[in-house]
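[1] here's a sequence, model it:
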Amino acid sequence: MRRPVRQRGVALLLVLWACTLLAILLGGYAVLARTQALQTRYQFAQTRAHYAAEAGVMRAIYAVEDPLPLRRWVGDGRVYPFRFDGAAVSVAVTDEGGKVDLNTATPEVLQRLFHAAGLDIAAANELAARVVAWRSFPRPGIELADDRAAYAAAGRDYGPRHGPFASLQELQLVLGMTPQLYRKIEPVITIWSGQAFPDPNTAPPLALAAIPGLDPQQLQALKAARERNSREAAPAIGGGITHSIRAEAVLADGTRAVIRATVRFQAGGMTAQPYRVLRWQEGDEE
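    Numbers count the residues shown, from 1 in each chain. Have a look, this model is predicted:
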């Protein structure tokens, strides 16, 4: 006995709906599988780039203390490129002694740094005074109240620490410090040198401009001497025990990783730890 035409049409529709649903499910699974494959590939590339950058940091730690002077890296900010596991790695080492120390720099050095970074003389003097007030121990009487009143008037719910800066980022809390100014001076400031003035032999250009008593002719002579040193095989400059290292690794597909570390070398015997990591940061953002 033949089925009615209507029943055959309903069955056909059910088959079509089932095929459509199956196609949607298969398509969804395909998209999911592709997404997971892309994520896995991205994570693998990021891991490769990260370890290549880490290799750059490790190589810099050894090269700064290389027993052979001809192979020793110099902490004046120059870039040392090499390849590692298919990645192009570039490493820059800066002696912390060439930077401006927030805790020990003289007010004049701070003022000259802020002025060289773009502030006018009056604003640079005011900001330098606030940095000194932040790091200085509490003062008696009305001066301490005035310090807190200035912050309160600016809408801040805190006042100066009246103690040494514990990190570079803490400088952003000082009244008058802007994000733009901080980004500009962050590469040339430190809390680890303990010096009143940057070392002119390793100071980056902005820190070099903060050194009092250097006229334009002396600055040009210093820059020329350092340029000559940069072309020599074993320049005899720099010798600090604390260095900042920036290592960047870029893969062929453009995947990029950056590691920034501050390392202090320590004297001792064979069993002593040769260095101590003071700061470790992945990426360029503060």
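
[2] residue ranges with poor pLDDT in the stretch 1-150 of the chain?
    1-9, 139-146 (pLDDT under 70).

[3] what about the helices in it?
    If you assign secondary structure with DSSP state H, counting those that start in this stretch, the helices in the stretch 1-150 of the chain sit at 5-64, 107-116, 121-135, 142-153.

[4] buried deepest among those helices, which one?
    Mean neighbour count, computed with mean count of other C-beta atoms under 10 Å, is highest for helix 107-116 among the helices of the stretch 1-150 of the chain, reaching a mean of 21. (Each C-beta comes from the backbone N, C-alpha and C, glycine too.)

[5] only alpha carbons, please: show it as PDB.
    Below are the C-alpha coordinates for helix 107-116, written out as PDB (Å, rounded to 0.1, in the frame of the first residue of the first chain):
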ATOM      1  CA  PRO A 107      68.300  68.600  43.700                       C
ATOM      2  CA  GLU A 108      70.200  70.200  40.900                       C
ATOM      3  CA  VAL A 109      70.600  66.900  39.100                       C
ATOM      4  CA  LEU A 110      66.800  66.300  39.400                       C
ATOM      5  CA  GLN A 111      66.000  69.800  38.200                       C
ATOM      6  CA  ARG A 112      68.300  69.500  35.200                       C
ATOM      7  CA  LEU A 113      66.800  66.000  34.300                       C
ATOM      8  CA  PHE A 114      63.200  67.400  34.400                       C
ATOM      9  CA  HIS A 115      64.200  70.400  32.400                       C
ATOM     10  CA  ALA A 116      66.000  68.300  29.800                       C
END
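
[6] now Phe197: phi and psi?
    For Phe197, the backbone dihedrals are phi -130, psi 140 (criterion: degrees, to the nearest 10).

[7] so which of the helices of the stretch 1-150 of the chain comes closest to Ile185?
    Ranking the helices of the stretch 1-150 of the chain by their distance to Ile185 (criterion: C-beta to C-beta) puts helix 107-116 first, at 6.3 Å.

[8] residue contacts, the nearest residue to Trp280 once chain neighbours are set aside?
    The spatially closest residue to Trp280, leaving aside those adjacent along the chain, is Ala261, at 5.1 Å (C-beta to C-beta, 6 or more residues apart in numbering). With contacts taken as C-beta atoms under 8 Å, 6 or more residues apart in numbering, Ala261 has the following neighbours: Val57, Ser244, Ile245, Ala247, Val277, Arg279, Trp280, Gln281.

[9] who does Ala261 bridge with?
    Residues found in beta-bridge contact with Ala261 (criterion: DSSP bridges) are Ile245, Trp280.

[10] that one and Leu278: what is the separation?
    Between Ala261 and Leu278 the distance, using C-beta to C-beta, to the nearest Å, works out to 8 Å.

[11] could you do Tyr62 as well?
    Following C-beta to C-beta, the distance that separates Tyr62 from Leu278 is 18 Å.

[12] the contacts of Ala261, buried ones only, as a PyMOL selection?
    Here is the PyMOL command that selects only those of the contacts of Ala261 that count as buried (16 or more other C-beta atoms under 10 Å):
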select buried, resi 57+244+245+247
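
[13] any idea how far Ala247 is from Ala33?
    From Ala33 across to Ala247, the span is 35 Å (C-beta to C-beta).

[14] again but with Gly77, I slipped
    14 Å.

[15] go on, Leu214?
    Taking C-beta to C-beta, one finds Leu214 at 31 Å from Ala247.

[16] and if you look at Val258?
    Taking C-beta to C-beta as the measure, Val258 falls 7 Å from Ala247.

[17] what's the burial count for Ser90?
    A count of nearby residues for Ser90, using other C-beta atoms under 10 Å, gives 16.

[18] 3 is where my numbering starts, stick with that
    With the count now opening at 3, the last piece we talked about shows up as Ser92.

[19] return the distance of it relative to Ala226.
    From Ser92 across to Ala226, the span is 25 Å (C-beta to C-beta).

[20] same question for Ala259.
    Relative to Ala226, Ala259 is positioned 35 Å away (criterion: C-beta to C-beta).

[21] go on, Thr180?
    Counting by C-beta to C-beta, the gap from Thr180 to Ala226 is 34 Å.

[22] next, count neighbours for Ala227.
    Residues near Ala227, counting by other C-beta under 10 Å: 14.

[23] shouldn't it be within a helix?
    Yes: if the criterion is DSSP: H, G, I helix; E, B strand; the rest coil, then Ala227 is within a helix.

[24] can you check the pLDDT for it?
    The model reports Ala227 with a pLDDT of 73.
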